[in-house]
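Trainee: Return a 3D structure for these sequence lines:
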Amino acid sequence: MFNNYIWQLYLNGPGKEAIKIFKENLQNTYTDNYKDFIYKLHKEYCPSEVISKDIQFQLDKLFIDLNEYIRFFMSESYDFKEVSNYIQQTFLRDFNNNGKEAFEHFSYWMEYYTTYFSIELPELFIPYYFKCNFNVLETISNEFDIKLPKIPAKKDYIGRLAYYMSICETFQDFRINYNMNPYELYVFIYDFAPKYIGGINSFIVNDIPDTNSAYFIGSSKDDIFLSKEDDIIIPWQCNPDTEVGDAIVMYLTSPVSAIDSIWRSVSVGFNDPFFYYYRCTYISRPINLDRIPLKKLKEDDIFSKLPIVRKNMQGINGVELSPSSYNRILDLSNSTLKRFQFEINNNYAEIANEKDVEKKLIIPLLKKLGYTEEDYIKQLYIRVGNNNHLLIPDFVVNPEISLGHQKADLIVEAKYSIYTKKLLEKSKTQARGYAKILNTKYSMVASREGIWLTTITDDYSDNIIQFSWDQLKNGDNFFKLYKHIGKNKL
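Mentor: Got it, this is the predicted structure:
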């Protein structure tokens, strides 16, 4: 939430000089020093030196072009709708109405153009310096109750081009609401707010957890982002479901066509409408492998069956690897990195009653899924009607309990033995009743024979996962369950 007292302290303190620099450069005379000023601010919330240097390059080019007195707009009197249409039509015209090419050009030169726009029409535009950092802008918006417009779909290139104008309109409304001039708004966005939320530490995690998932990414050997420095942090196109600590397997598409290294994700994945490839995460800590060429993958019993290998690794960025596939990479590259170990080691032959199912099967399963005892409640009392009817599910995961309100992500109903279809349907019906009252995403029935998982999507009817405990000892099978109800997945 916006705190005017703290904001005023900033304006009368360190903010004074920053406002002066923005105003002198964007209102009066744009100088060559502006790029260094923005570089310094940018390093507070972006760990990628490549991106920071690229912004410097674009702002330096702008300095050269401004000295040639080039103007983008023919008038100083526009409203947001007019200016949005004008920019959209201009870029589309320059690229023969090809929205994809127009957006690709704009997204690459975004710092150049948006700074240019802000010099000419500061009441309408903001310079945009969040390339590959839309997650930071989202955090700032959430912190200060700024409602961002809905992000366009990946292939809506014209919509993504127009989205910049929507962002400008949103922040200009914020500026007017809090009685800021344009240069105070710029300082708020690029100095005050990023520091307020914690800068780089708001999304980069240094103490990363163990690997739970693995994804392919692809690159050429000479990509400017690549480096084998241990502490390098770079953005990359990846799966938006990426979690902190996930293994990121780098495949070099040229000139060698081979698996080359394994990185770790140090941020969660996110969508960035102004990043051309849309899906982004930050990766670090590269570990070199003995390269595994595509030819060897095609000859391997496991990899030869994978669709991505059959497609010659086309469209590789963000493709998820099963535990057995990831472990196979480590085997083929003679790596000593830790393997995925998702096996459940339970002696279900010793199960004598329903309490044993809970203690010896369900609790160890929840622990393997990443949950601690603080994450679930056993025997939650659910009052129905006039407080004279109680429902008591065996396990309620991620409960939210308040007066008159009960909600959760998952319920687990324990049964000693389910040996007929009739018993299974009866158990699922009982679990469904709990799940509907708590509005859970998933409902699971567990017995000595195995587990059955259903989802709210079809009113907890069809089993989306059904495994015996023997089958759950297989890492790939357990991983399928983890992807639905693992602690970081719900």
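Trainee: Surely residue 60 touches residue 35?
Mentor: Yes: with contact defined as C-beta atoms under 8 Å, residue 60 reaches residue 35; the gap is 5.3 Å. C-beta here means a position set from N, CA and C on the backbone, and glycine is covered the same way.
Trainee: Could you check which of those two has the larger neighbour count?
Mentor: Applying other C-beta atoms under 10 Å to residue 60 and residue 35 shows that residue 35 carries more neighbours, namely 23 against 15.
Trainee: The more buried one in helix, strand or coil?
Mentor: helix (DSSP: H, G, I helix; E, B strand; the rest coil).
Trainee: tell me the average confidence for stretch 309-317?
Mentor: For stretch 309-317, mean pLDDT rounds to 92.
Trainee: what's the first-to-last distance across that stretch?
Mentor: 13 Å (C-alpha to C-alpha, to the nearest Å).
Trainee: Which pLDDT does the model give residue 412?
Mentor: At residue 412 the predicted local distance difference test score is 96.
Trainee: likewise residue 210?
Mentor: Predicted confidence (pLDDT) for residue 210: 83.
Trainee: could I get the lengthiest helix in the chain in CSV with only the CA atoms?
Mentor: For the chain, the helix with the greatest residue count under DSSP state H is helix 157-177. Only the C-alpha atoms of helix 157-177 are listed here, as CSV (Å, rounded to 0.1, in the frame of the first residue of the first chain):
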residue,chain,number,x,y,z
TYR,A,157,1.7,-9.8,-30.9
ILE,A,158,-0.3,-6.7,-31.7
GLY,A,159,-1.9,-7.0,-28.3
ARG,A,160,1.5,-7.2,-26.6
LEU,A,161,2.6,-4.2,-28.6
ALA,A,162,-0.5,-2.2,-27.4
TYR,A,163,0.0,-3.5,-23.8
TYR,A,164,2.8,-1.0,-23.3
MET,A,165,0.3,1.8,-23.8
SER,A,166,-2.0,0.1,-21.3
ILE,A,167,0.8,0.0,-18.8
CYS,A,168,1.5,3.7,-19.3
GLU,A,169,-2.2,4.5,-18.8
THR,A,170,-2.3,2.5,-15.6
PHE,A,171,0.8,4.3,-14.1
GLN,A,172,-0.2,7.7,-15.3
ASP,A,173,-3.5,7.2,-13.5
PHE,A,174,-1.5,6.3,-10.4
ARG,A,175,0.6,9.4,-10.8
ILE,A,176,-2.5,11.7,-11.0
ASN,A,177,-4.1,10.0,-8.0
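Trainee: elements contacting that helix?
Mentor: Contacts of helix 157-177 with other secondary structure elements, assessed using 3 or more C-beta pairs under 8 Å, 6 or more residues apart in numbering; DSSP states H and E, are made with helix 80-94, helix 99-108, helix 182-187.
Trainee: highest average neighbour count across the ones you listed?
Mentor: Looking across the helices and strands packed on helix 157-177 with neighbours counted as mean count of other C-beta atoms under 10 Å, the highest average goes to helix 182-187: a mean of 22.
Trainee: Show me what it is packed against.
Mentor: When contacts are defined as 3+ C-beta pairs under 8 Å, 6+ apart, helix 182-187 sits against helix 15-23, helix 157-177.
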